[in-house]
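J.: When you get a sec, could you give me coordinates for this:
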Amino acid sequence: MWIVAVVVLLVLVPWATKGMRPKAPQPPQPTASIAPRALSPAESAEIDALVAGDRKIAAIKRLRELQSLGLQEAKDAIDAWDPGTTWTPAAAASASASASAPGDALTPAARAEIAALIAGDEKIRAIKRYREETGVGLKQAKDAVENW
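T.: Below is the predicted model:
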């Protein structure tokens, strides 16, 4: 009797549960990269209306939907948005390239003060001062001070 039970356990149970086993993880499939294209006049007008209505975040989201852009790319494009023109990928690239770095906005006095804070091992105060001068976010200010 117990021989039948062993056969059932060794042969039939693995065979019956074969479909219930978790499958080995599959490597991720490469996704096709969508190249940015020029916006149609209607799409540009839609973003113009969002920018003109002080709905910058909605404009960034819409541009990202239309172009499959990263957040920073879309933000730079909207910051440099010229109402009434048709957006093109080349225009966005030149806007990103020509955007000044946050540290460029520092006055010589502020630059010296921040450098002194960093030299004095007062990193937190340096980050706060950098943010006050440039208006950037905490992460950007932290990265700038760390890279100083």
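J.: Give me the buried positions along stretch 47-61.
T.: I47, D48, L50, V51, A58, A59, I60 (16 or more other C-beta atoms under 10 Å). From N, CA and C alone the C-beta is placed, and that goes for glycine too.
J.: For those residues, which two are the farthest from each other?
T.: Largest separation among the buried residues of stretch 47-61 by C-beta to C-beta: D48 and I60, giving 13.8 Å.
J.: And the contacts of stretch 108-121?
T.: G103, L106, K123, R125, A126, R129, Y130, E133, V145, W148 (C-beta atoms under 8 Å, 6 or more residues apart in numbering).
J.: show me what contacts the fifth one?
T.: Going back to what we said before, that points to A126. I114, L117, I118, V145, W148.
J.: Where does the second one sit: helix, strand or coil?
T.: When the structure is split into helix, strand and coil by DSSP: H, G, I helix; E, B strand; the rest coil, L117 lands in helix.
J.: Neighbours of it, how many?
T.: Per other C-beta atoms under 10 Å, the neighbour tally for L117 reads 20.
J.: swap in E146?
T.: 11.
J.: In contact with it: list those residues for me.
T.: Taking C-beta under 8 Å, 6+ apart, one finds K123 in contact with E146.
J.: Quickly note the distance from it to E133.
T.: The gap separating E146 from E133 is 17 Å, by C-beta to C-beta, to the nearest Å.
J.: Got the domain ranges for this structure?
T.: 41-98, 102-146 (automatic domain parsing).
J.: which of the contacts of A126 has the most neighbours?
T.: I114 (25 neighbours).
J.: I appreciate the help and will end here.
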